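[1] Please find the sequence and the predicted model below.
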Amino acid sequence: MVTIGICDDELDIRDAIRESVIESMKEDSTEYEIREFCKGEDVIKYISSDNEIDILFLDIQMDGLDGMETARKLREYDRTTEILFVTSIENKISEAFEVRAFRFIKKPVQHEVIEKNLKECVIEIARKRGCFLKIKTETGFRKIYSRDIVYIEVLNRMVKIYSKEGNFEYRGTLKEIMDNLEKQLFVQCHRSYVVNIIYIKEIGNKDIIMKDGSIVPISRSKYKEVMNRYFWSVGEDV
C-alpha cells in the first residue's frame, strides 16, 4: 500500500491534485490511499502518531506552519517520504535540498506534471523498499533483492533468475514469484517470463531487449499489458 498525502490550504488545489492522482493511478496495479491535509500541523500530527506518508504533495505558502517548516519537522519522524513541493514561487530551491525534496511542481498545477512526478515517485518507492526472494542454494539460503533482478524464466517448475549479482536457479512456480515481487516493478511478458520494468531498453514485436543486452520473448497476449505498464512507468502514453 502506498500512502499519498496532499497538503494545501486551498481546497481547489487539493481537488485538482487528488483528481490527477486518481487518474494517473488507473493504469497501475499499486494499491494506494489518499490522505488530505489543509495545514502543515495536521501532517505532523498524522506522522507523529506512527502513520506513514510515502508521497507528499506539499504547498510551500500556507498560514501557520508553512511547507518548508512542515518538511523540516516531517524529517524528524520520517526520512523516506518523497516530498513534492507545490508552489508559485521559485526562490526556495536551496532550502529544498536541506529537506531532501523530490522536486517542485508549479502552480497552477497541470495534470501531465502531476502524473509524471507521481509515476517516478511510485517507482522510486518500490526500489527503496527492496523486496527480495529467498532461495535455497547448494551452500544454504540467499537473498536476491528485487531491484537487482533483470528478468526471470520459469520452465517445468525450475526458476532461473537473471540478476546484476549473477544467475541463480531453484525449484519454484511463477505464482510464488509474482506473489513475492513488487507489482510496480515486474510484469509478466510471456507464460514463462517476468521482466523488471526498470531494466527494459526496448520493446519489439516479439522480443524485449533488456539494458544488459538480454533478449526476452513477449507473447501476443501479453503485449498490450507490457506496453501499458512500461510507458506508465516512464510517464508516457502508448
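    Right, received. Where do you want to start? Residues are numbered from 1 along each chain as shown.
[2] contacting residues around the closest residue to Asp59 other than its chain neighbours?
    Closest residue in space to Asp59, ignoring its immediate chain neighbours: Asp8 at 4.0 Å, by C-beta to C-beta, 6 or more residues apart in numbering. For the C-beta atoms, the positions are set from N, CA and C on the backbone; glycine is no exception. Contact analysis of Asp8 by C-beta atoms under 8 Å, 6 or more residues apart in numbering lists 14, 17, 38, 57-59, 62, 86.
[3] what sits against Asp28?
    By C-beta under 8 Å, 6+ apart, the contact set of Asp28 is 119, 122, 184, 229, 232.
[4] run the last query once more with 7 Å
    Residues counted as contacts of Asp28 (C-beta atoms under 7 Å, 6 or more residues apart in numbering) are 122, 184, 232.
[5] Any chance you could list what contacts the lengthiest helix in the chain?
    Longest among the helix segments of the chain by residue count, using DSSP state H, is helix 111-129. Surrounding helix 111-129, the residues in contact under the criterion C-beta under 7 Å, 6+ apart are 2, 17, 20-21, 23-24, 28, 30, 54-55, 80, 82, 84, 102-103, 105, 147, 182, 184-185, 198, 232-233, 235.
[6] Quick one: buried ones out of these?
    Under a neighbour-count criterion of 16 or more other C-beta atoms under 10 Å, the subset of the contacts of helix 111-129 counted as buried comprises 2, 17, 20-21, 24, 28, 54-55, 82, 84, 102, 105, 147, 182, 184-185, 198, 232-233, 235.
[7] Next step: these restricted to helices.
    Among these, the residues falling in helices (DSSP H) are 17, 20-21, 24, 232-233.
[8] Mind putting the residues you listed into CSV with pLDDT and distance to Cys131?
    Shown next, in CSV, are those (pLDDT from 0 to 100; distance: C-beta to C-beta, whole Å):
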residue, pLDDT, distance to Cys131
Ile17, 97, 28
Ser20, 96, 28
Val21, 96, 23
Ser24, 92, 23
Trp232, 78, 19
Ser233, 72, 17
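[9] returning to what we had before: please identify which of the contacts of Asp28 is nearest to Thr137.
    Gln184 (27.5 Å; C-beta to C-beta).
[10] State the distance from the residue most central in space within the chain to Asp212.
    Against the mean C-alpha coordinate of the chain, by C-alpha atoms, centre = their mean, the closest residue is Val122 at 1.9 Å. Using C-beta to C-beta, to the nearest Å, Val122 is found at 24 Å from Asp212.
[11] Please report phi then psi for Val154.
    phi -130, psi 110 (degrees, to the nearest 10).
[12] Let me know the pLDDT of the residue nearest to it when sequence neighbours are not counted.
    What sits nearest to Val154 in space, not counting adjacent residues and going by C-beta to C-beta, 6+ apart, is Leu174, at 4.6 Å. The score at Leu174 is 87. That number is its pLDDT.
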